[in-house]
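Asks: Build me a structure from this.
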Amino acid sequence: MHLYADDTQVYVSFTEKEWSSTEEKLKKCFAHIESWTASSFLKLNPSKTELLFISHKSDNTPNPVSEKSTVRLSSSVNAALANAAEIVPKDTAKNLGVIFDERLTLIPNVSKIIRDCNFKLVNLRRIGAKLSKGQKIQLVHTLIHARLDNCNDLLAGINKREIKRLQKVQNSAVRFIFNRRERRGVTNLSELVQRRPPKPSTPR
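Replies: As a prediction, this is how the structure comes out:
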C-alpha cells in the first residue's frame with residue numbers, strides 16, 4: 001500500500017484462480033482504510049476509486065472480472081458509501097500523472113503527452129511572431145520538454161513507433177523555435193537547443 005497526500009494505492013499480486021480470495025482481501029483493506037480516514041476526519045471518495053488489472057504483455061488471458069462486472073466494497077462506517085462503492089475495472093488508470101494500461105505498453109500515456117504538447121505548440125505559434133528566439137527556447141523548455149521529461153524513465157523499453165511519435169513532437173518544437181517548415185530537417189538545429197541552467201540574477 002502507498003499513501004500520498006490525497007491518494008491511496010493498493011497493490012495485490014494474484015493468479016486468475018485466486019481472484020475470489022483476493023477480492024475479499026481488497027474489501028477488508030478498503031474497510032480498514034475507510035475506518036482510518038473516518039477516525040482522522042478524512043473523507044473517502046468511492047467515485048474516484050479505480051481498479052486496474054495488469055498482466056504480462058505475452059499473457060492473453062482475460063481479466064478475472066469482465067468489463068460489465070463490478071466489485072462491491074463494503075463499508076462499516078457509512079451505509080450510503082457502501083452502496084456507491086461499486087467499482088468497474090478499467091482499461092487504464094492514472095497513477096501520479098502517468099496513465100497505465102493493462103499490458104503496461106504506456107501507449108495511452110504517450111498519446112496523452114503528445115496531445116498536451118501539440119495543444120501547447122498550437123498556442124505558442126499564435127504568439128511566435130512576437131517572441132525572440134531566446135524566449136521561444138525558454139518556453140519550449142518549460143512547456144514542452146518538461147512534459148516530455150515527466151516520468152520518462154517509465155518509457156524505457158517501449159516500442160519504436162511510440163518513440164518516433166515523441167520525436168516528432170520534439171522536432172515540431174524545434175521548428176517552432178527556428179521558424180522551419182514542416183518538411184525541412186531539424187537534426188542540426190536540435191543540437192542548438194540545449195538545456196542551460198538559468199543565469200543567476202544580478203543584485204541591483
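
Asks: switch to C-alpha atoms for all contacts and neighbour counts from now on
Replies: Noted.

Asks: so for whichever strand or helix holds Glu24, what's the average pLDDT?
Replies: Glu24 belongs to helix 19-39 when assigned by DSSP states H and E. The average pLDDT within helix 19-39 is 83.

Asks: Now do the buried residues in that helix.
Replies: By 16 or more other C-alpha atoms under 10 Å, the buried positions in helix 19-39 come out as Thr22, Leu26, Lys27, Phe30, Ala31, Glu34, Ser35.

Asks: okay but the first one is in contact with Glu16, surely?
Replies: No - counting by C-alpha atoms under 8 Å, Thr22 stays clear of Glu16, with 9.7 Å between them.

Asks: Can I get the buried residues of helix 19-39 in TSV including distance to Val174?
Replies: Converted to TSV, the buried residues of helix 19-39 look like this (distance: C-alpha to C-alpha, whole Å):
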residue	distance to Val174
Thr22	50
Leu26	48
Lys27	51
Phe30	48
Ala31	52
Glu34	49
Ser35	52
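
Asks: quick check, Arg165 in a helix?
Replies: Yes - using DSSP: H, G, I helix; E, B strand; the rest coil, the assignment for Arg165 is a helix.

Asks: residues near it, how many?
Replies: The number of residues packed near Arg165 is 13, by other C-alpha atoms under 10 Å.

Asks: Burial check on the spatially closest residue to it that is not a sequence neighbour, number of neighbours?
Replies: In space, Arg165 comes closest to Ile114 once its chain neighbours are excluded; the distance is 7.7 Å by C-alpha to C-alpha, 6 or more residues apart in numbering. When neighbours are counted by other C-alpha under 10 Å, Ile114 registers 21.

Asks: Might you report the residue contacts of Ile114?
Replies: By C-alpha atoms under 8 Å, 6 or more residues apart in numbering, the contact set of Ile114 is Arg165, Leu166, Val169.

Asks: can you map out the strands along the chain?
Replies: 2-3, 8-9, 71-72, 86-87, 92-95, 98-101 (DSSP state E).

Asks: coming back round to it: nearest to Lys48, of the contacts of Ile114?
Replies: Of all these, Leu166 has the smallest distance to Lys48: 29.7 Å, by C-alpha to C-alpha.

Asks: my guess is that closest one meets Val110, correct?
Replies: Yes - the criterion here is C-alpha under 8 Å, and Leu166 meets it with Val110 at 7.5 Å.

Asks: for the nearest residue to Tyr11 once chain neighbours are set aside, what are its contacts?
Replies: Nearest residue to Tyr11 in three dimensions, chain neighbours excluded: Met1, at 6.1 Å (C-alpha to C-alpha, 6+ apart). Met1 sits next to Thr8, Gln9, Val10, Tyr11 when contact means C-alpha under 8 Å, 6+ apart.

Asks: rewinding a little: tabulate the strands of the chain (JSON lines), appending mean pLDDT, distance to Gly134 and mean neighbour count.
Replies: Compiled in JSON lines, the strands of the chain are given as follows (pLDDT from 0 to 100; distance: least, C-alpha to C-alpha, whole Å; neighbours: other C-alpha atoms under 10 Å):
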{"stretch": "strand 2-3", "mean pLDDT": "76", "distance to Gly134": "41", "mean neighbour count": "8"}
{"stretch": "strand 8-9", "mean pLDDT": "82", "distance to Gly134": "42", "mean neighbour count": "12"}
{"stretch": "strand 71-72", "mean pLDDT": "68", "distance to Gly134": "54", "mean neighbour count": "16"}
{"stretch": "strand 86-87", "mean pLDDT": "74", "distance to Gly134": "49", "mean neighbour count": "18"}
{"stretch": "strand 92-95", "mean pLDDT": "88", "distance to Gly134": "35", "mean neighbour count": "16"}
{"stretch": "strand 98-101", "mean pLDDT": "92", "distance to Gly134": "30", "mean neighbour count": "19"}
